[in-house]
Each structure stands twice: as structure tokens, then as C-alpha cells.
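1. dropping a prediction and its sequence here:
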Amino acid sequence: MTVAETPTIEAMPEPVVEPEDAAKPKGLAIICYSGDLEKTWAAMILASTAGAMAMPTKVFVTFWGLQTFVRDDVRITGENWMQQMMSFMQRPGISHRKLSKMNFFGMGPWMMRKLAKQYNVASPKELLEIAASMGVEFIPCQMTMDMFGLKREDLIEGMGDPVGAATYLSYVGEGYAPLFI
Amino acid sequence: MTVAETPTIEAMPEPVVEPEDAAKPKGLAIICYSGDLEKTWAAMILASTAGAMAMPTKVFVTFWGLQTFVRDDVRITGENWMQQMMSFMQRPGISHRKLSKMNFFGMGPWMMRKLAKQYNVASPKELLEIAASMGVEFIPCQMTMDMFGLKREDLIEGMGDPVGAATYLSYVGEGYAPLFI
Amino acid sequence: MTVAETPTIEAMPEPVVEPEDAAKPKGLAIICYSGDLEKTWAAMILASTAGAMAMPTKVFVTFWGLQTFVRDDVRITGENWMQQMMSFMQRPGISHRKLSKMNFFGMGPWMMRKLAKQYNVASPKELLEIAASMGVEFIPCQMTMDMFGLKREDLIEGMGDPVGAATYLSYVGEGYAPLFI
């Protein structure tokens, strides 16, 4: 199959990039959406590394991602039975994240954490602390807090005030490069 | 574990961002790839909010994401038995999206929709209508339409002409900030 | 429900984009994170199309995504039993990717590949070759190689030297638009 036949490369536009025009972003605006162990890990690695590089970094924590930022010692969250049942079925907290695949009753995450330790890779929890100490802002999504019935005291220390999607998008408008994880 | 030991922060480059160089994007170019209820929701919240903020926004709808934009009353799509079987196994339409986790025979999505209603969060369908009315462009992926045997009349009203990845990337080249959801 | 009531569009900021300020990115910096067939496909379509458009493109291959870049003829990878067991449970290689949903003992991917062939859509493997031939750089993540016990000779030909998240973020800092797939 030749490129000319590739249906995805239809009417080929002009080369779109003039390197001399390239502009640097103001920083990084991560949407931490997923609650899976691996994606939480990826988000924390990027956030802590960006922090260490003095790259202004904001992490908007939403949907399942916000579960990660519930305090590890909080077991049930929510104000009504539906919210409580959801938190019961998916235990919140950064130490209780599961792999999106190969979970096998917890053996997958256990192996992953063990391998990480063996190879000196910081855990999501450590990376979160590193990131926060380097000025990365973690900002909870107001809508998610409402839908899951989460209160400020359910969340870990040091998070910013809850905001909505408009505030997140205003960062992107200012020149923060967005990343949806 | 100290930062110096973190294997992910290897040879630390210079601080990479000079805020005065920061350039604003021309707008937002979302790839709406997932067909899961929560991600559809996230994409629609971002698109409708960006629309309300007068941020030029294009949503390239591809792979499972295109299933979301099939008319709710269309049951089976496709021109051959494989395509028809795929649409049978995963009912298309924005009102039939399922959660990526905690599906429990539909109880999860039902609870999620009920919680959303209770907390006055617009449904994906409402957000889609809001976004479209605010000038957000929804553009189907030609390759996905071919692979799933979708016809223009299978899709909801108001979508743009189908295009390929090259057209999407030309938006990014113009300065639209990309987001893969 | 009117827009004014939408909780996600809270204090509406000023329109954030001045089109004349818009700056073009230097290129595309894709994080190829997922090992699912469809996402691998999406990443390869974007990378090969960007390559064909002469858009400078770097693909940072990490976590499950790196499994895709293990040579198809390598069966078991890793230096200890945990790593070997993980590779056993999730066979690496671009020809062995599975759909994230509708897998049905391999029938889903088989149908998807057949439909793709019928509609003249290049396979992930073909797209990878096209992309590489057009100057797209594929860069393995060092941390992932460590955690999964992967060696350079396990990976396909033509990949760059392994680097960490800091190097990836330095591309973003230079003006490459990031995309997490």
C-alpha cells in the first residue's frame, strides 16, 4: 500500500509548520481524568517532572481522577446512597488505584508497584508530593465534587479551590498546553 | 526517595518556558475518540464551555466517538454483516453510551444520569446541542465512516462534511491546541 | 436547561482567544501510552499523516504503548518472573494488539482488521513503517523499559535512544503540541 492510496491522507495540505513561527507554551495544563493506576502514574510523572523543570503546571482533577485525590483513610464518600454506593464499589484514594487491565484480583497492581520499587521509580503518592512541593497546582473540578458528593475535607491537603471547565479552558486560552490523561 | 534519585527526571534540561514568549492558541481542536459515557460527557462539557467562551472549537469525531453521533433512533448501521454485528453489539447514539467501568447491566449509567440531573449537570445530549448552537463544529472522520459503514443520514443533524486526519492536523498546524479524549 | 444554569460554565471569563495572536506549533509530540489496537491505530494514523505533511513529529512511547514496539517475533520479555509473566499475559508486538472493547476471544480485532483491509485502510504496522520512513521519530521511555525489563534488541528497528519524561517535556517546552493517546 502506498501513501498515495492511504485514505487518511486525502487532499494533502501544504506543510503546516514554519519552525520560526513556533511559539512556546506558557506551561502545562493537564486534565487528570482517569482513575486507573497507570494513568494516574503517567499524570504524576509528567506533573512532577514539569514541576522540577520549572514549567508552570496546573492539574485539573476531574471525574474518576478526583477519586485519586480523596484521602487514603476516607472509606465511603457521598451524601446520598447512590454516591456512597459508587465510592464503595470503587475505593477512592491514591493508594487504592487499580490497573485498567490485568487486574487479577489485585495481583497486577501489586506486581507493578513491586517492579517500580525494584527499579527505583517513585510511587504515584510520592510523585504527587514531589509535584506539589515544586509548585504544581492541583485543582478539583466543582462539577465532579457535586456529582460524587465529595467535600473539601474528603480530599488530600494542599489542593486548590474547586473550579469548572471554563477556568480550565481559560488557562489553555492563556497559552498553557493542554493534555488529557 | 529524593528527586535527584527519580529516574524519570534524568538529565534535567534548562527551565523551558519563558512566559513572555507564550503564545495563545487559535482555538481548540478536540479529537472525540472514545464512545464511553464519561469521556463523551467530558468532551461535550469542554466543547460547550469553549463555545460559550467564544473560543473557536472544532471536534473531530472518530472511531468509537462517532458512534455517539449516530441518531438515537437508528438501531443497526453498516452495509455488511460485520459492520451490522458491531453496531448490534454496541448500540450507537448519544443516549446509549455506557460507563467504561461499573456498568453493572446499566445500573451505573442510570445512577450517573440521575446524579447529574439532581445536581443540575446537563446531559451529553443537551451539551451537544448547546455546543452546536454556539458555533462548535463537529466533523466526522471519513475513515471511520467507511470502516463502520456509516452514512451521512445515520448521523445527527448539523455535522460537517467528513474529513481525514490530514485536515484535523492542518487545524493543529494553524494553532488550534489539540486534545485527545 | 439554559446555558446560564449550566454549572460547568461558572463565572464566564472574557473571550480568551485573539486569532491574530495565534502561534503555530513547532510540530507534534505524541505520547503513545495505550497498547489497545484502536488507540495504537489512531496514534499511527496521526503520526504517519503528520509525517506526510512534513510536520515535525516525535512519538514518545511509554507504558502499554511500548508493548506495541516489541518485535512481533519476541514472545516473552523481561528479566525476572514478574516481568516475564506480564509479557506472557499480554503478548507484545504491533500485530498482537487487542481492541479495548468487544474483544470476544479475538473476533473483534479480526473483524476490525478485515474491515480495514476491505476499505483500504493501512494496518498499524504499515502506518508505523510509513511514519518512520517520513521522518517521524519513535522514542522509547527509559522508565518503562526498566519496569518491564525490555532490552533494545527486544524492540523493532529504527527506534531512538530511550529517554525520560523530562526530555519529552522539553519538546513541549520548545513548542511541540502535546497529544496523549
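-> Good, I have the coordinates.
2. ok, A:V61 to chain B distance?
-> Taking C-beta to the nearest C-beta, to the nearest Å as the measure, A:V61 falls 12 Å from chain B. (Each C-beta comes from the backbone N, C-alpha and C, glycine too.)
3. grab the nearest non-local neighbour of that residue.
-> Closest residue to A:V61 apart from its sequence neighbours, by C-beta to C-beta, 6 or more residues apart in numbering or on different chains: A:C32 at 4.7 Å.
4. with A:D73 instead?
-> Distance criterion C-beta to C-beta, 6+ apart; nearest residue to A:D73, sequence neighbours excluded, is A:G93 at 7.7 Å.
5. so who does the most centrally placed residue in chain A touch?
-> By C-alpha atoms, centre = their mean, chain A has its centre lying nearest to A:C32, at 2.2 Å. Contacts for A:C32 (C-beta atoms under 8 Å, 6 or more residues apart in numbering or on different chains) come out as A:T40, A:A43, A:V59, A:F60, A:V61, A:T62, A:G65, A:T68, A:F138, A:I181.
6. pick out the most distant pair among these.
-> The span of the contacts of A:C32, defined through C-beta to C-beta, is set by A:T40 and A:F60 at 14.3 Å.
7. the strands in chain A, which residues?
-> Assigned strands in chain A, in chain order: A:27-32, A:57-61, A:137-140, A:176-180 (criterion: DSSP state E).
8. ok and the lengthiest helix in chain A relative to strand A:27-32, angle-wise?
-> Identified as the longest helix of chain A according to DSSP state H is helix A:37-52. Counting by axes from the mean of the first three to the mean of the last three C-alpha atoms, to 10 degrees, helix A:37-52 lies at 160 degrees to strand A:27-32.
9. wait, does helix A:37-52 make contact with chain B?
-> Yes: for helix A:37-52 and chain B, the contact criterion (C-beta under 8 Å from any C-beta of the partner chain) is met by A:I45, A:S48, A:T49, A:A52.
10. ok, and which of those residues reach chain C?
-> The residues of these that also fall near chain C, by C-beta under 8 Å from any C-beta, are A:I45, A:T49, A:A52.
11. wouldn't the first one be in contact with C:A166 here?
-> What it means is A:I45. No: the criterion here is C-beta atoms under 8 Å, and A:I45 misses it with C:A166 at 9.9 Å.
12. between these two, which one's more packed in?
-> The neighbour comparison of A:I45 against C:A166 (other C-beta atoms under 10 Å in any protein chain shown) goes to A:I45, with 29 against 23.
13. how near is that one to C:D161?
-> A:I45 is 19 Å from C:D161, where distance means C-beta to C-beta, to the nearest Å.
14. same question for A:K26.
-> Between A:K26 and C:D161 the computed distance is 29 Å (C-beta to C-beta).
15. look at the two and report which has more neighbours.
-> Between A:K26 and C:D161, counted using other C-beta under 10 Å, the more crowded position is A:K26 (22 against 9).
16. quick one: the more buried one and A:Y176 touch, right?
-> Yes: under the criterion of C-beta under 8 Å, A:K26 makes contact with A:Y176 at 5.2 Å.
17. give me the common contacts of the two.
-> The contact sets of A:K26 and A:Y176 overlap at A:P56 (C-beta under 8 Å, 6+ apart).
18. which one of the contacts of A:C32 is nearest to C:G78?
-> Comparing those against C:G78 with C-beta to C-beta places A:T40 closest, at 23.2 Å.
19. report pLDDT for the closest one.
-> A:T40 is assigned a pLDDT of 86 by the prediction.
20. do the same with A:V16
-> pLDDT, A:V16: 50.
21. chain B versus the residue nearest to the centre of chain A, what's the distance?
-> Distance of A:C32 to chain B, computed by C-beta to the nearest C-beta: 12 Å.
22. ok, and the closest non-adjacent residue to A:L66?
-> Leaving aside its sequence neighbours, A:L66 sits nearest to A:T144 (C-beta to C-beta, 6+ apart; 4.8 Å).
23. now do the contacts for that neighbour.
-> Per C-beta under 8 Å, 6+ apart, neighbours of A:T144: A:V61, A:T62, A:F63, A:L66, A:L150.
24. and those as TSV, adding distance to A:I156, pLDDT and neighbour count?
-> TSV is the format used below for the contacts of A:T144 (distance: C-beta to C-beta, whole Å; pLDDT from 0 to 100; neighbours: other C-beta atoms under 10 Å in any protein chain shown):
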residue	distance to A:I156	pLDDT	neighbour count
A:V61	10	94	25
A:T62	16	93	25
A:F63	17	88	21
A:L66	11	91	27
A:L150	12	91	25
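25. pick the one among those closest to chain B.
-> Closest approach between the contacts of A:T144 and chain B, by C-beta to the nearest C-beta: A:F63, at 5.5 Å.
26. the closest one touches A:Y33, doesn't it?
-> Yes: counting by C-beta under 8 Å, A:F63 touches A:Y33, with 5.2 Å between them.
27. between the two, which contacts overlap?
-> With C-beta under 8 Å, 6+ apart applied, the overlap between the contact sets of A:F63 and A:Y33 consists of B:A42.
28. what's the neighbour count on A:K114?
-> A:K114 has 12 neighbours, counted by other C-beta under 10 Å.
29. that one contacts C:W81, doesn't it?
-> No: between A:K114 and C:W81 there is no contact under C-beta under 8 Å: 11.2 Å.
30. could you check the pLDDT of whatever residue of chain A ends up closest to chain C?
-> Taking C-beta to the nearest C-beta, chain C has its nearest neighbour within chain A at A:G173, 2.5 Å off. We have a pLDDT of 96 for A:G173.
31. was I right about it contacting B:A54?
-> No: using C-beta under 8 Å as the test, A:G173 is too far from B:A54 to be in contact (9.9 Å).
32. which residues are in contact with A:A116?
-> Going by C-beta under 8 Å, 6+ apart, A:A116 touches A:A122, A:S123, C:M147.
33. thinking again about what came up before, going by distance to chain B, which of the contacts of A:C32 wins?
-> A:T62 (7.1 Å).
34. the closest residue to the closest one other than its chain neighbours: how many residues sit nearby?
-> Take A:T62 and drop its neighbours on the chain: the residue closest to it by C-beta to C-beta, 6+ apart is A:C141, 3.7 Å away. Residues lying near A:C141 (other C-beta under 10 Å) number 28.
35. and A:C141, bridged to which residues?
-> A:C141 has the following beta-bridge partners by DSSP bridges: A:V163.
36. for it, give me its contacts.
-> Counting by C-beta under 8 Å, 6+ apart, A:C141 touches A:F60, A:V61, A:T62, A:F63, A:L66, A:P162, A:V163, A:G164, A:A165.
37. can you add distance to C:K98 and give these back as CSV?
-> CSV is the format used below for the contacts of A:C141 (distance: C-beta to C-beta, whole Å):
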residue, distance to C:K98
A:F60, 31
A:V61, 30
A:T62, 28
A:F63, 25
A:L66, 29
A:P162, 38
A:V163, 38
A:G164, 36
A:A165, 33
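38. for these, which two are the farthest from each other?
-> A:F63 and A:V163 (14.6 Å).
39. pLDDT wise, what is A:D21 at?
-> On the pLDDT scale, A:D21 gets 58.
40. so A:L155 is in contact with A:D72, correct?
-> No: counting by C-beta under 8 Å, A:L155 stays clear of A:D72, with 11.3 Å between them.
41. neighbour count for those two, which is higher?
-> Between A:L155 and A:D72, counting by other C-beta under 10 Å, A:L155 is the more crowded of the two (21 against 13).
42. who's that one bridged to?
-> Beta bridges link A:L155 to A:V70 when assigned by DSSP bridges.
43. re earlier: neighbour count winner among A:G173 and B:A54?
-> Shown here are A:G173 and B:A54; by other C-beta under 10 Å, A:G173 has more neighbours (24 against 17).
44. what about that one, distance to A:D154?
-> In this view, A:G173 and A:D154 are 30 Å apart by C-beta to C-beta.
45. what's the pLDDT at A:G93?
-> On pLDDT, A:G93 comes in at 79.
46. please disregard the earlier target; I meant A:M143.
-> pLDDT, A:M143: 90.
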